[in-house]
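S.K.: A predicted structure for the sequence below; I have some questions about it.
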Amino acid sequence: MWRGIASAGALVLLLLLCGPALLGAAWSNAGTLALRDGLLAQAGLTPGTYPVYKVLGENPAMPRAIQSLRRAIALNEDSFSARWALGRAALAMGDAETAASILEPLMGKVGRNPLLYYDVLIALSHGGRPEGVVALYESASPLQRTRAISDTVALAYLDLATRRPGDKETGGRGEVGQWLEGARRMRPGDLYVNYRLWKQAQEAGDVEAMAAYGEILAYFPLEAIHPTDERLLDYVAGTIPGLLEEGLWSREKALNVVSFLVWQREGAAGVERLLEQLIARYPTEPDWPFYLAECYHRRGGLVQAEAVYRQVLAMDPEYAQAYLRLGMLYEGRAEGRTWTP
């Protein structure tokens, strides 16, 4: 009898001690499953999609997932799985600052988990903390440096470099030079970095360095204009007009690159800014506004596209591609569909 009472007492004590942990684990599992369901419900997303930043709009699964995960953390603040899942949920909804604060306690574990490493990088990067991105990378190198990680870290170096315009030292001695060299290690063929270094060599009269950087700018890799992180295109946009003016690129090369960007990255704000810069610099050339119209067209901005196509034809009444695009636009409108090239 006493043995039974003792066993029952031990069981009650065990439940009292482990109850919060067990309940926390249950909430964590429920929240993680709701997050997974919410992600898989989005068109085009698969379990292997990375990164998952700002991929969810209005999704009924997300409030339930977040509530469950917050309950799990309230019961067990040290729950690795619940905290990571909650951070991923914040990333998926585009709240990088919240994600960074949630994931910060897990920083000591990123070296052993490449997916967590990238989640933290993305949270710090989109949360406007380039110093944090660089500090994480320099203190804990990833198990495998993927293109996505390289682009994220390179962007942080570039953001730091452009925040310090007063530093005039070159050759890697000044702080700006160090950030630029850091970006170049991540992206050896980066247009912005190599153009900046070419300009520095030009100012220093270093013909040999100018030739080396000029060759990279002329024979750049595809990732220089097709990065994994769209924000890098902002730097590309500010570089291409200079390459054209300095004679480092021919007009034909610039047109080919712009055409590629319009067809592959039409949604990027940097592409639109690039075209606006080229139109301002070369106001009599119809090719640049044509590509701007095509950019609008591919985004579904048919009213804007039509207006700019008409501007192209006002500049050059024989611009055949503008007539073709207008015809396609009108055909789609007559049939009640939205067509993009």
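M.R.: Yep, that arrived. Keep in mind the model is a prediction, meaning the values are calculated, not measured. Numbers count the residues shown, from 1 in each chain.

S.K.: so how many other residues sit close to Trp249?
M.R.: Look at Trp249: counted by other C-beta atoms under 10 Å, it has 22 neighbours. Where C-beta positions appear, they are placed from N, C-alpha and C, glycine not excepted.

S.K.: that one against Ala218, yeah?
M.R.: Yes - counting by C-beta atoms under 8 Å, Trp249 touches Ala218, with 7.4 Å between them.

S.K.: tell me who's in contact with Ile102.
M.R.: Residues in contact with Ile102, defined by C-beta atoms under 8 Å, 6 or more residues apart in numbering, are Arg83, Leu86, Gly87, Ala90.

S.K.: ok, the residue lying closest to the last one once chain neighbours are set aside to His126 distance?
M.R.: For Ala90, the nearest residue in space outside its immediate sequence neighbours is Ala99; the separation is 3.8 Å by C-beta to C-beta, 6 or more residues apart in numbering. As defined by C-beta to C-beta, to the nearest Å, Ala99 lies at a distance of 8 Å from His126.

S.K.: between these two, which contacts overlap?
M.R.: With C-beta under 8 Å, 6+ apart, Ala99 and His126 have common neighbours Leu91.

S.K.: what about the residue lying closest to Asp287 once chain neighbours are set aside, helix or strand, and which?
M.R.: Residue nearest to Asp287 in three dimensions, not counting chain neighbours: Leu255, with 6.0 Å by C-beta to C-beta, 6+ apart. In the assignment (DSSP states H and E), Leu255 maps to helix 251-264.

S.K.: what's next to that helix, contact-wise?
M.R.: Helix 251-264 has contacts (C-beta under 8 Å, 6+ apart) with 225-226, 233, 236, 240, 243-244, 249, 268, 271, 274-275, 278, 287-288, 291, 294-295, 298, 341.

S.K.: which residues touch Gln304?
M.R.: Neighbouring residues of Gln304 by C-beta under 8 Å, 6+ apart: Ala293, Tyr296.

S.K.: which of the helices or strands spans it?
M.R.: helix 302-315.

S.K.: show the subsequent helix or strand relative to that helix.
M.R.: helix 320-334.

S.K.: what is the rounded mean pLDDT of that following helix?
M.R.: Across helix 320-334, pLDDT averages out at 88.

S.K.: returning to what we had before: how many neighbours does the residue nearest to Asp287 have?
M.R.: Neighbours of Leu255 (other C-beta under 10 Å): 17.

S.K.: Gly128 too?
M.R.: There are 12 residues near Gly128, going by other C-beta under 10 Å.

S.K.: and it, what pLDDT?
M.R.: pLDDT, Gly128: 89.

S.K.: now it: how far from Ala89?
M.R.: Distance of Gly128 to Ala89, computed by C-beta to C-beta: 20 Å.

S.K.: residues contacting the residue nearest the centre of the chain?
M.R.: Residue closest to the mean C-alpha point of the chain, counted by C-alpha atoms, centre = their mean, is Asp229 at 3.1 Å. By C-beta under 8 Å, 6+ apart, the residues touching Asp229 are Ser125, Ala148, Asp151, Thr152, Leu155.

S.K.: for the chain, give me the ranges with low pLDDT.
M.R.: 1-24, 42-52, 55-59, 164-173, 335-341 (pLDDT under 70).

S.K.: Lys54 in helix, strand or coil?
M.R.: When classified by DSSP: H, G, I helix; E, B strand; the rest coil, Lys54 comes out as coil.

S.K.: and it, how many neighbours?
M.R.: Counted with other C-beta under 10 Å, Lys54 comes out at 14.

S.K.: for it, give me its contacts.
M.R.: Contacts for Lys54 (C-beta under 8 Å, 6+ apart) come out as Leu91, Ala92, Met93, Gly94, His126.

S.K.: do Ser68 as well
M.R.: Ser68 sits next to Trp27, Ser28, Ala30, Gly31, Ala34 when contact means C-beta under 8 Å, 6+ apart.

S.K.: cool, and Pro286?
M.R.: Going by C-beta under 8 Å, 6+ apart, Pro286 touches Val312, Met315, Asp316, Tyr319, Ala322.

S.K.: would a markdown table of the residues you listed with neighbour count be doable?
M.R.: Below are the contacts of Pro286 laid out as a markdown table (neighbours: other C-beta atoms under 10 Å):
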| residue | neighbour count |
| --- | --- |
| Val312 | 24 |
| Met315 | 16 |
| Asp316 | 14 |
| Tyr319 | 18 |
| Ala322 | 24 |
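
S.K.: cool, thanks, signing off.
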